[in-house]
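In: sharing a model prediction with you, sequence too.
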Amino acid sequence: MLIFPSTGRASRAQMRRSEFDADALPHLDDLYRTAMRLTGDPTRAEDAVQETFLQAWKSFERFEPGTNCRAWLFKILFHCVNHQRRKWFRFPLMGENEEYLEANLASPEPVAAALTDQDILAALDRIPLEFKAVVLLVDVEEFAYRDAAEILGVPIGTVMSRLSRGRKLLREQLAGAARAYGILKDNQQQ
């Protein structure tokens, strides 16, 4: 019986796969949830997440261990969703004359207990994508402004502006539901 010496290829590939599984796979549910909110379609969300993991696997040797794998994966996800969106709809995600405003950032207002998750998700789905993306990253996924800016490929001031405007749009969207639940009176400001 002949025994061939190991070339090290199998063990190196197994180690790479093990590292990828340990670093990337724990974020699968977060990525899918965000993709679902961005696309509104389970099939498209699955496609975007699958493409994200494929791109991450292909470039995993360039990933620096010890850095934020979650932020790296979200950056790939947003790139994939934007790329797919251009193919799906043939229109750009952001306007050419993007408005950059400095935001007066207050902490988000607490959400009343009577509002349901469905109310909040429906309101989130009704705001424009560029605001929704920032709200999802900062308020839902709890990324720092700097990380959200890097993921979206925009300046941090744009993240702050979009977050402020996105939160304002959500408050406006949720005002009707709050009134229906008796949380906000008609004479109260939003």
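Out: Received it, and whenever you're ready, just let me know what you need.
In: list the contacts for residue 169?
Out: 127-128, 131 (Cβ atoms under 8 Å, 6 or more residues apart in numbering). For glycine as for every other residue, the C-beta is placed from the backbone atoms N, C-alpha and C.
In: buried subset of those?
Out: 127, 131 (16 or more other Cβ atoms under 10 Å).
In: would you check how far apart residue 132 and residue 60 are?
Out: 29 Å (Cβ to Cβ, to the nearest Å).
In: from what I can see residue 63 touches residue 55, true?
Out: No. Judged on Cβ atoms under 8 Å, residue 63 makes no contact with residue 55 at a distance of 11.3 Å.
In: which one among the contacts of residue 169 gets closest to residue 77?
Out: If you rank the contacts of residue 169 by distance to residue 77 using Cβ to Cβ, residue 131 comes first, at 17.5 Å.
In: looking at that closest one now. What's its pLDDT?
Out: With respect to pLDDT, residue 131 has a value of 93.
In: contact partners for it?
Out: Contacts of residue 131 by Cβ under 8 Å, 6+ apart are 162-163, 165-166, 169.
In: which of those has the most neighbours?
Out: Greatest neighbour count in those, by other Cβ atoms under 10 Å, goes to residue 162: 28 neighbours.
In: and the helix or strand encompassing that one, how far out from the chain middle?
Out: If you go by DSSP states H and E, residue 162 is part of helix 156-180. Distance of helix 156-180 from its chain centroid, counting by Cα atoms, centre = their mean, to the nearest Å, is 17 Å.
In: in it, what counts as buried?
Out: 158-167, 169-171, 173-175, 177-178.
In: for residue 144, state which of the contacts of residue 131 is nearest.
Out: Distance to residue 144, by Cβ to Cβ, is smallest for residue 163 among the contacts of residue 131, at 11.7 Å.
In: low-confidence ranges, this protein, go.
Out: Across the chain, residues meeting the criterion (pLDDT under 70) sit at 1-10, 86-115, 178, 181-190.
In: let's see it at 50
Out: Along the chain, segments meeting pLDDT under 50 span 1-4, 90-112.
In: where exactly do the strands run in the protein?
Out: For the chain, no strands turn up when DSSP state E is the criterion.
In: could I get the full set of helices for it?
Out: Counting by DSSP state H, the chain has helices at residues 9-24, 28-39, 42-58, 69-89, 117-126, 129-135, 145-152, 156-180.
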